[in-house]
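Colleague: Here is the input, now give the coordinates:
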Amino acid sequence: MVDAIEGDEFAFSPTPSVPRRTSKLGIVGAGAVGSTMAYAALMRGAARTVALLDVNKAKVEAEVLDLSHGIQFMSMAEVMGSDDVSVMADCDVVMFTAGAKQRPGQSRLDLAEATISLVKKVLPGIVEVAPNAVYVMVTNPVDVVTYAALKISGLPPSQLFGSGTVLDSSRLRYLIARHTGVAVQNVHAYVAGEHGDTELPLWSSATIGSVPILEWSSGEGGPLTREVRDAIAREVVESAYRIIEGKGATNYAIALAGSRIIEAVLKDERRILPVSSLLDGYLGMSDVCLSVPSIVGSSGVHERLEVPMSSDELMGMRRSAEAVRSVARRFGF
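Modeller: Here you go, the predicted structure:
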């Protein structure tokens, strides 16, 4: 920039260097889910900076080192980690994966007490250093934890929500695709309600290549009869328990589902995802966090879509709401 002309000489002062604003992803918890989510986000190039926070300093530093050694083979990024909350400063998105580990045979709701206690201890400090971040609760039982986190943090319901049934919907689509012999990308179906035992597929609005699933008669497996649909719904609910029994934790699929949410926020995609957020007059349901198809973008949950439901589905949603509420009330929320 030219400031002045003195005789034949130019007085030149360079423009001050301003750091380029880049996206920063924070992940709370460097366990199986958190570390795999960091890996998935890095592989997909979801964020320029990935920060891990964990109480186990040696563990989080080891995860950062291991991930950093692979940066050459993925999109350029910086990985950092600490047991100090300051590592979360100025995050754009924070994924909360820390919590009690689910044991074989243990329901997600049984995890609530230990996890809510952890959220009370950790979340306020993170919000203090990253007040403008979009917060996504991943820890189970995610609907109860999300409701508690909203009360603890005081953040608006658009800015803090849960990963909900994004993974469950992926499981549902996979099973439908396997039965019908079509590509999973051509299956459009959502699981709604609690991320847990009372969740339900929204069969009445599901389609395969624009053909309503309830009218589907083609493909390898034949029609999706009531018996077939019931079997698929059971498999969606029970598959997580089978994975936990076999390997101790679910981590790959939830990390990929989480990465999809991260991208929807950081890229302001306004993508429709069945995340868990606070309902207010949604089909007659209020003051409970449940998963419904929602528009997700840079400011979090923009809108919850009132999907047409059959009377049975609406009844199932209300059962799910009561199950989540009863657990929240047990812990004073």
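Colleague: Give the buried residues for stretch 89-96.
Modeller: Cys91, Asp92, Val93, Val94, Met95, Phe96 (16 or more other CB atoms under 10 Å). All C-beta atoms are positioned from the backbone trio N, CA, C, and that covers glycine.
Colleague: What's the end-to-end length of that stretch?
Modeller: Criterion CA to CA, to the nearest Å; first-to-last residue distance in stretch 89-96 is 15 Å.
Colleague: now stretch 22-36
Modeller: Distance between the two ends of stretch 22-36: 22 Å, counting by CA to CA.
Colleague: need the helices for the protein, in chain order.
Modeller: For the chain, the helices defined by DSSP state H occupy 32-43, 57-68, 112-129, 142-153, 166-180, 226-247, 252-266, 311-330.
Colleague: Pipe these into JSON lines and attach mean pLDDT per row.
Modeller: Converted to JSON lines, those look like this (pLDDT from 0 to 100):
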{"stretch": "helix 32-43", "mean pLDDT": "96"}
{"stretch": "helix 57-68", "mean pLDDT": "97"}
{"stretch": "helix 112-129", "mean pLDDT": "93"}
{"stretch": "helix 142-153", "mean pLDDT": "96"}
{"stretch": "helix 166-180", "mean pLDDT": "97"}
{"stretch": "helix 226-247", "mean pLDDT": "93"}
{"stretch": "helix 252-266", "mean pLDDT": "97"}
{"stretch": "helix 311-330", "mean pLDDT": "94"}
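Colleague: Make JSON lines out of the ones you listed and add distance to Lys24 and mean neighbour count.
Modeller: Output for the helices of the chain, formatted as JSON lines (distance: least, CB to CB, whole Å; neighbours: other CB atoms under 10 Å):
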{"stretch": "helix 32-43", "distance to Lys24": "11", "mean neighbour count": "24"}
{"stretch": "helix 57-68", "distance to Lys24": "14", "mean neighbour count": "16"}
{"stretch": "helix 112-129", "distance to Lys24": "12", "mean neighbour count": "18"}
{"stretch": "helix 142-153", "distance to Lys24": "19", "mean neighbour count": "26"}
{"stretch": "helix 166-180", "distance to Lys24": "22", "mean neighbour count": "22"}
{"stretch": "helix 226-247", "distance to Lys24": "30", "mean neighbour count": "14"}
{"stretch": "helix 252-266", "distance to Lys24": "9", "mean neighbour count": "22"}
{"stretch": "helix 311-330", "distance to Lys24": "31", "mean neighbour count": "18"}
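Colleague: Export the ones you listed to a markdown table and append columns for distance to Gly196.
Modeller: Shown next, in a markdown table, are the helices of the chain (distance: least, CB to CB, whole Å):
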| stretch | distance to Gly196 |
| --- | --- |
| helix 32-43 | 16 |
| helix 57-68 | 28 |
| helix 112-129 | 11 |
| helix 142-153 | 8 |
| helix 166-180 | 9 |
| helix 226-247 | 8 |
| helix 252-266 | 14 |
| helix 311-330 | 8 |
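Colleague: Mind checking those helices for the one nearest to Ser299?
Modeller: helix 252-266 (8.4 Å; CB to CB).
Colleague: Name the residues that touch that closest one?
Modeller: With contact meaning CB atoms under 8 Å, 6 or more residues apart in numbering, helix 252-266 is reached by 23, 25, 33, 36-37, 39-41, 44, 46-47, 92-93, 95, 97, 134, 136, 138, 163, 166-167, 170-171, 269-271, 273, 275, 296-298, 300.
Colleague: Now the two most distant members of the buried residues of stretch 89-96.
Modeller: Largest separation among the buried residues of stretch 89-96 by CB to CB: Asp92 and Phe96, giving 14.5 Å.
Colleague: one step back: out of the helices of the chain, which gets nearest to Gly281?
Modeller: helix 311-330 (12.6 Å).
Colleague: mind checking the end-to-end distance for stretch 293-304?
Modeller: 6 Å.
Colleague: Let me see the mean pLDDT of it.
Modeller: Across stretch 293-304, pLDDT averages out at 97.
Colleague: What is the distance between it and the centre of its chain?
Modeller: From the chain centre to the centre of stretch 293-304 is a distance of 12 Å (CA atoms, centre = their mean, to the nearest Å).
Colleague: likewise stretch 160-168?
Modeller: Here the centre of stretch 160-168 is set off from its chain's centre by 5 Å, with CA atoms, centre = their mean.
Colleague: isn't Glu199 right next to Tyr190, touching?
Modeller: No: Glu199 lies out of contact with Tyr190 (CB atoms under 8 Å); the separation is 10.3 Å.
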